[in-house]
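*Asks:* Structural data only, the sequence is not supplied:
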């Protein structure tokens, strides 16, 4: 679907280079196509700010061409930023006050960097609650990614995430648990999703909160996709369907750099189900020469990023596009154009889709 380049955000040029259709504002005004507005609350740390922006813009741009979409990135002033990230935000991002004044049809909330186990002590906590409370009454649907899902489920449903004995890191197979919900219509009933997290909201917690579970992991039942009880106002991802093919490779490289710097004791384990035999062999050789060089005080070998990246597979983006396309189709049908009237004033609050049982 076409995304309208209504400002000079550099991500639009990157998307054009990938072949995604981007419209200039004048062309968009001449189109007889409905326009919809999606906010992106980007809470990611500086190093991942632009990459996350690109990933979610791409998800929107790769999906079904039902409308013209205006993307409105914003962040929270309470999140500490470096000079470069602050300059990017000041140049291209909007304020929450401006977004609240103009209204949105849908909202995406990214994850965030967290220090310590208690989410309620994080600098984003209170401002995030303000955004979510506003969106609950005024935005058709809010899609929460991973850490954002954990935070929202805690302050809206009283379920705190639980630390896992082992990091869930890699690409995992999932099965659709609810084939009748519009978000899972006409998608593969089994598919893979990347995950990267130490914490989880368990299936039992989703059930206790009365949330609608749509997709579980095959092996351990971990919930990937769920919604609020009404089926649309809040959509929760615990995985990362927006990840690029190389996202887990980049994360693995960061862990290797932490090992080299002495921040972690052991060379990091491979992400599950991500590297093939060739990549594992290359990394095994790299590890051997790295540890030998470290022991002897010799120059360290270069991390073989480019060599590995050329062989990685992406088995999740098509289903990710399908689910996000279904999500956009839902709020396209439900969204009205009266910005002065809260969304839930115009529908049955217990069943806004009108087709869930």
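*Replies:* Received it, and whenever you're ready, just let me know what you need. Bear in mind the structure is a predicted one, so any value in this text is a computation, not a measurement.
*Asks:* Helices of the chain, start to end?
*Replies:* 11-17, 25-30, 46-61, 83-92, 96-102, 125-138, 147-157, 203-208, 247-260, 277-296, 305-309, 317-334 (DSSP state H).
*Asks:* Give me the residues contacting the fourth one.
*Replies:* Going back to what we said before, that points to helix 83-92. Helix 83-92 is contacted from outside by 7-10, 46, 49-50, 73, 75, 81, using C-beta atoms under 8 Å, 6 or more residues apart in numbering. (Glycine included, C-beta is placed from N, CA and C.)
*Asks:* What of the shortest one?
*Replies:* In this structure, residues lying in contact with helix 305-309 by C-beta under 8 Å, 6+ apart are 245-246, 249, 253, 275, 279, 282-283.
*Asks:* now with 7 Å?
*Replies:* By C-beta atoms under 7 Å, 6 or more residues apart in numbering, the residues outside helix 305-309 that reach it are 246, 249, 253, 279, 282.
*Asks:* Mind putting the residues you listed into CSV with neighbour count?
*Replies:* Shown next, in CSV, are the contacts of helix 305-309 (neighbours: other C-beta atoms under 10 Å):
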residue, neighbour count
246, 17
249, 20
253, 16
279, 20
282, 15
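*Asks:* Residue 289: how many residues sit nearby?
*Replies:* Look at residue 289: counted by other C-beta atoms under 10 Å, it has 12 neighbours.
*Asks:* Number the chain from 351, please
*Replies:* Shifting the count to begin at 351 puts that one at residue 639.
*Asks:* domain ranges for the chain?
*Replies:* Per automatic domain parsing, the domain ranges recorded for the chain read 353-593+664-696, 597-659.
*Asks:* rank the ones you listed by pLDDT, which is bottom?
*Replies:* Note on these: domain 353-593+664-696 shows the lowest mean pLDDT, a mean of 89.
*Asks:* Tell me which residue is most central in the chain.
*Replies:* Geometric centre of the chain, nearest residue: residue 495, 4.1 Å, by C-alpha atoms, centre = their mean.
*Asks:* Relative to residue 409, how far out is that residue?
*Replies:* According to C-beta to C-beta, to the nearest Å, residue 495 stands 10 Å off from residue 409.
*Asks:* Which neighbours do these two have in common?
*Replies:* residue 592.
*Asks:* Return the most buried member of the domains of the chain.
*Replies:* Among the domains of the chain, the stretch with the highest mean neighbour count (mean count of other C-beta atoms under 10 Å) is domain 353-593+664-696, at a mean of 18.
*Asks:* just how off-centre is that one within its chain?
*Replies:* Relative to the centre of its chain, domain 353-593+664-696 is centred 5 Å away, using C-alpha atoms, centre = their mean, to the nearest Å.
*Asks:* Likewise for stretch 615-627?
*Replies:* Here stretch 615-627 is found 22 Å from its chain centre; the criterion is C-alpha atoms, centre = their mean.
*Asks:* How far does it stretch from one end to the other?
*Replies:* One end of stretch 615-627 to the other measures 25 Å (C-alpha to C-alpha, to the nearest Å).
*Asks:* what comes into contact with that stretch?
*Replies:* The contact list for stretch 615-627 (C-beta under 7 Å, 6+ apart) reads 519-522, 598, 602, 605-606, 609, 630, 633, 637, 661.
*Asks:* what do you get if the cut-off is 8 Å, keeping everything else the same?
*Replies:* The contact list for stretch 615-627 (C-beta under 8 Å, 6+ apart) reads 519-523, 542, 544, 546, 598-599, 601-602, 605-606, 608-609, 630, 633, 637, 640-641, 658, 661-663.
*Asks:* Let me know the distance separating the nearest residue to residue 607 once chain neighbours are set aside from residue 640.
*Replies:* Ranked by C-beta to C-beta, 6 or more residues apart in numbering and with sequence neighbours excluded, the top spatial neighbour of residue 607 is residue 653, at 7.9 Å. Distance from residue 653 to residue 640, counting by C-beta to C-beta: 8 Å.
*Asks:* residues shared between the contacts of those two?
*Replies:* By C-beta under 8 Å, 6+ apart, the residues touching both residue 653 and residue 640 are residue 606.
*Asks:* residues making contact with the strand ranked longest in the chain?
*Replies:* Counting residues, the longest strand found in the chain (DSSP state E) is strand 512-526. Residues outside strand 512-526 that contact it (C-beta under 8 Å, 6+ apart) are 467, 534, 537-552, 555, 564-569, 572, 574, 589, 598, 601, 619-624, 665-666.
*Asks:* these two touch, right, residue 389 and residue 456?
*Replies:* Yes. Residue 389 lies in contact with residue 456 (C-beta atoms under 8 Å); the separation is 7.4 Å.
*Asks:* Mutual contacts of the two, please.
*Replies:* Residues touching both residue 389 and residue 456 (C-beta under 8 Å, 6+ apart) are residue 489.
*Asks:* I figured residue 482 hits residue 492, correct?
*Replies:* Yes. Taking C-beta under 8 Å as the definition, residue 482 is a contact partner of residue 492 at 6.7 Å.
*Asks:* So which of the contacts of strand 512-526 are in strands?
*Replies:* Using DSSP E, the contacts of strand 512-526 in strands are 540-550, 564-567, 574.
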